[in-house]
Structure formats: C-alpha cells, structure tokens
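Take a look and give me a structure for this.
(one chain, ligands or ions: 1)
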Amino acid sequence: MSLTTTQPPADGQEYGKARHPFHVTGEEERQLRLAGAKAVPSLVIGQATTFDEYARQLMIPPAVMDLARKAEDLRLSAWEVEALRAHLAPAAAPGDKVGLLRQILAEKYRHDQSHPPYIRVACSGRGDYDHLATEHGHLDPDDHPKGDIGSPVVLEIWPAQHYSPIHSHGHTTGIVFCLAGQLDVMVYEHLDRDARKLGLLTLTPGQCAWLSRDNYAVHRVYCPMDGGGGTTGPGYMNSTADFGASFHVYLNPDQTAAHDHDGDSYNRDSFDYIDEETKEKRAFATESDLSWEVLRRVLANTPQS
Ligand SMILES: [Fe+2]
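Below is the predicted model of the structure:
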C-alpha cells in the first residue's frame with residue numbers, strides 16, 4: 001500500500017490518551033482526515049469528478065468495485081429509519097418498556113462494557129437475539145437457541161456515540177456501504193493496539209469504504225452523531241435514538257476472482273480484534289445479533305408516529 005502524503009507518526013499511545021474512541025488530538029484528527037482523503041488506493045469508492053480522484057480509485061481491486069456497484073442503489077426507506085429509531089430509543093421513564101434494539105443493546109452491555117455496543121444483523125442465517133423478537137410479540141415462537149456465523153452480507157446499526165474495537169477482516173474482500181446517518185472509520189496499518197493510523201474518513205449515505213487482504217483490512221467504526229450527552233468510552237450507553245447504519249459484504253478468499261492458494265483460510269467465520277480492556281488480540285466468531293428476516297418483520301409491525 002502506498003500513500004501520497006507524509007503520515008502522522010504512530011503515537012504509540014493508542015490507549016494512553018483519554019479521548020475515546022480514536023485517542024487522537026484535534027490536530028492529529030485533522031492530519032488523519034487529510035491523509036485519508038489522499039490515500040492511494042482511495043479509501044472511498046465513488047463516481048470520480050476529478051482526474052486525481054479517478055487515479056486514486058484506479059487500483060481498487062475489480063472484485064471490490066463489483067460489490068460497490070451492486071450496492072450503490074441500496075437505501076433504507078424513511079419508514080424503516082423511523083422504525084429503527086423507535087426500537088433504539090431509550091426508555092422515556094425508568095422501567096418503561098423499550099424497543100427490540102434497545103433491549104439487545106442492554107443485553108450486550110450486560111455482557112461486555114469494554115466498548116459501547118452496536119448491533120449486527122445477518123442478511124442470511126439466524127441471529128443470537130432473534131428470540132427476543134418473539135418476546136416482543138412480533139414473531140411466532142422459534143426454537144433456535146443460537147445464531148449462525150459467517151453471513152456474507154450484514155447490516156450494522158451504530159447507535160450515536162457507540163463504536164467497535166479495532167478489528168481485522170483478515171483475508172476477506174468486502175465493502176462498508178453507508179445507508180443512514182454518519183459513520184467515522186479509522187483505518188490502521190495492522191491489527192495492534194499501537195498500530196499506525198492510515199487515515200480517518202466519514203461516510204454518509206451512499207458512500208462506500210472497502211477492504212481486502214492487502215488494503216485497509218483493519219479498522220474501527222464509530223458513529224459521531226448526538227448521543228444525548230456524556231462522554232463515550234467503555235461503559236457508555238447513549239440516550240438518544242440517533243444512529244448510523246452500514247451494509248457490509250465479506251467475500252472469502254476463494255469467492256473472489258483473485259483467489260490465491262496460500263493455505264490460510266482467514267475467512268469471515270472469525271475475525272480478530274484487540275480487546276479494549278486487556279489490549280490482547282482475540283478472535284470473535286462472527287455471530288450476528290439478529291437476522292434481517294426477523295428484524296424486517298419487526299420493523300414492518302412497528303406503529304409509525
Ligand atoms: Fe469491520
């Protein structure tokens with residue numbers, strides 16, 4: 001990978017600075033945004049309007065361009081966004097019933113407070129919390145106790161001010177296509193707590209970031225929207241219904257035209273990440289929280305205000 005500008009130095013203190021999620025100063029953020037805007041190949045895929053943009057997108061792998069082209073017309077409809085907001089909203093008063101997504105966030109928060117939770121929706125297969133939709137009265141009883149792993153197509157819902165740990169998508173080839181709200185993506189050189197930051201970008205609906213084994217496979221995603229006060233970080237839970245949403249596709253190495261036989265799988269069944277508390281590298285099986293089949297029915301049954 002090559003970049004056209006001098007990069008900010010690795011700060012070596014990713015976890016030494018207080019401000020979550022990126023642990024950078026305002027000036028470092030500005031430099032990283034400039035670096036992101038000039039990265040080669042381009043971090044973002046779009047219709048080039050300048051020769052320079054065209055040149056920076058030229059070396060994006062054809063398999064990635066194909067995924068991006070197929071996703072470019074995807075949008076959440078206005079009623080889907082409103083229904084998602086209704087299910088993300090915090091309780092109006094203590095003890096009030098909350099929607100399915102806020103319920104799942106609370107459940108995930110109980111298990112892991114190392115970073116604020118987000119929601120992963122598998123577009124194929126089952127989710128870990130599909131059964132909660134039953135408790136919401138939206139579904140017939142379902143006896144699946146656990147979700148599937150490795151869905152190639154995933155919808156991610158990012159509550160305002162919530163973020164992921166630094167993680168790697170291994171040897172997969174994929175896209176991160178913004179559907180709603182706003183998402184910040186910090187791209188790292190490799191998977192390490194002190195890894196050099198390559199660039200920061202903000203995705204808005206219709207914009208597409210990407211990753212491959214050789215480029216931009218390691219990142220952290222953060223929704224910079226209004227979380228309702230308080231400072232984000234471990235143990236944070238927002239108090240608004242604002243969110244960003246992104247559509248992700250991950251192709252395994254043998255599913256792209258550029259398959260090479262290196263003997264490693266590094267497929268989408270498991271991705272590595274840096275644990276925010278222990279700072280150790282760990283692997284997570286890519287189970288999802290919900291299936292799109294279930295969430296779509298829940299959203300369709302949600303009264304609109
Ligand atoms: Fe990711």
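
CA atoms for contacts and neighbours, from now on please.
Fine.

can you give me the helices for the stretch 101-250 of the chain?
130-135 (DSSP state H, counting those that start in this stretch).

Could you give the bridge partners of the residue nearest to residue 250 when sequence neighbours are not counted?
Among residues not flanking residue 250 along the chain, residue 174 sits closest, at 4.4 Å (CA to CA, 6 or more residues apart in numbering). Listed beta-bridge partners, residue 174: residue 211, residue 250 (assigned using DSSP bridges).

Run through the residues that contact residue 174.
64, 67, 210-212, 248-251 (CA atoms under 8 Å, 6 or more residues apart in numbering).

swap in residue 270?
Residue 270 makes contacts with 150, 283-286, as judged by CA under 8 Å, 6+ apart.

Just the pLDDT for the nearest residue to residue 303 once chain neighbours are set aside.
Leaving aside its chain neighbours, residue 303 sits nearest to residue 83 (7.7 Å; criterion: CA to CA, 6+ apart). Listed pLDDT for residue 83 reads 97.

Show the contacting residues for residue 83.
Going by CA under 8 Å, 6+ apart, residue 83 touches 299-300, 302-304.

Report the buried members of those.
For those, a burial check counting by 16 or more other CA atoms under 10 Å picks out 299, 302.

Mind putting the contacts of residue 83 into JSON lines with secondary structure, pLDDT and distance to residue 123?
Putting the contacts of residue 83 into JSON lines (DSSP: H, G, I helix; E, B strand; the rest coil; pLDDT from 0 to 100; distance: CA to CA, whole Å) gives the following:
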{"residue": "299", "secondary structure": "helix", "pLDDT": "94", "distance to residue 123": "15"}
{"residue": "300", "secondary structure": "helix", "pLDDT": "92", "distance to residue 123": "16"}
{"residue": "302", "secondary structure": "coil", "pLDDT": "91", "distance to residue 123": "20"}
{"residue": "303", "secondary structure": "coil", "pLDDT": "88", "distance to residue 123": "23"}
{"residue": "304", "secondary structure": "coil", "pLDDT": "79", "distance to residue 123": "24"}
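
Save the contacts of residue 83 as CSV, and put in distance to residue 166 too.
Shown next, in CSV, are these (distance: CA to CA, whole Å):
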residue, distance to residue 166
299, 30
300, 34
302, 34
303, 37
304, 36
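
and stretch 51-62, how far from the chain's centre?
The chain centroid and the centroid of stretch 51-62 are separated by 24 Å, computed with CA atoms, centre = their mean, to the nearest Å.
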